[in-house]
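> turn this into a model:
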Amino acid sequence: MKRTLKTLMVFIVIIAVVLSGCGTKNTYFDYMKDGNVDKIIIKNARDKGLRFIITDAEKINNLYKVLEVAENTTSKTSLETDYIIELYNAADIVDTLNYVVGISSSEDGNLFNENNSFKVSKRLDEDIFSYLEDIRKPKYFNKVYYESITKVVDTYNRSNSNSSVISFNITDDDDVQKFIYSTELKNFTNQMSGKLNVVKDDASMGNLKLTFETIGYKSSTEDNALKATFKAKATIKAVDTGIITNYWISNVYSGNSWNYNITTEEPSDF
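Numbers count the residues shown, from 1 in each chain. As a prediction, the model looks like this:
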């Protein structure tokens, strides 16, 4: 009987520890409590001109509620930062954090500074994007953008019997930098392995260089159905011969799918 009681007490202690752990709060962000942070500036790491400022006390407190349950991690993601978050008290900066969007399954931290690393839920994505309408991605943008690049590469390779890897400096497409997230770019890079080398500077590019310029994305809703157009121009240059091949992309979304149109001659309505 005594042994049974002792075993039961040990079991109860274990359960209590587990339950208390589930509700553990992250004390690192306690500096945000009681109005000690009165301004937050969130900057897009790729589009240097894009930033927004939060001064509303309720919004700051909502952000704190997300951060106070962030998990401490021993390592941080190796992916490139998507957003830089600066927290202020009056004119003084309290903390600067790097944030990578969309990481949920990895054990690595996606919110970090020089000495600390945390894993935060997707709620932080939702909170950030709720503050600035302009950084919301157009619907189905990822699909049409990355598939357009893929189709250009495949078209060039078929037409030129090319087996070489084409280089692409994604930072050259200025207008879409605010829509580029490291997790999605990594997936695209992996998918294009052996055909396209995605780089961040011209010095890393090889003989075949792809330049991709997004001209525009327009969308509207008619009869509860999305209609959209995506236009871009792509150029592949062979450095050794100087030969340049241009492609014009005019894609239309209708009937729940994208219709791709890629030509080597500029359309009259481009």
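> quick one: buried residues of the strand or helix carrying residue 151?
If you go by DSSP states H and E, residue 151 is part of helix 141-159. Judged by neighbour count (16 or more other Cβ atoms under 10 Å), helix 141-159 contains these buried residues: 141-142, 144-153, 155-157. The C-beta positions use only the backbone N, C-alpha and C, and glycine is treated the same way.
> surely residue 77 touches residue 99?
No - counting by Cβ atoms under 8 Å, residue 77 does not reach residue 99; the two are 10.1 Å apart.
> quick check: neighbours shared by the two?
residue 110 (Cβ atoms under 8 Å, 6 or more residues apart in numbering).
> about what we covered before: helices or strands up against the helix holding residue 151?
With contacts defined as 3 or more Cβ pairs under 8 Å, 6 or more residues apart in numbering; DSSP states H and E, helix 141-159 has these neighbours: strand 166-169, helix 182-191, strand 196-199, strand 208-222, strand 225-238, strand 244-254, strand 257-259, strand 262-263.
> point out the most buried one among those.
Comparing the helices and strands packed on helix 141-159 by mean neighbour count (mean count of other Cβ atoms under 10 Å), strand 166-169 ranks first with a mean of 22.
> tell me, what's the model's pLDDT at the residue nearest the centre of the chain?
With distances taken as Cα atoms, centre = their mean, residue 181 lies nearest the centre of the chain, 2.0 Å away. We note a pLDDT of 91 for residue 181 in this prediction.
> and the closest residue in space to it that isn't next to it in sequence, what pLDDT?
Excluding the flanking residues, the one nearest residue 181 by Cβ to Cβ, 6 or more residues apart in numbering is residue 101, at 4.6 Å. With respect to pLDDT, residue 101 has a value of 86.
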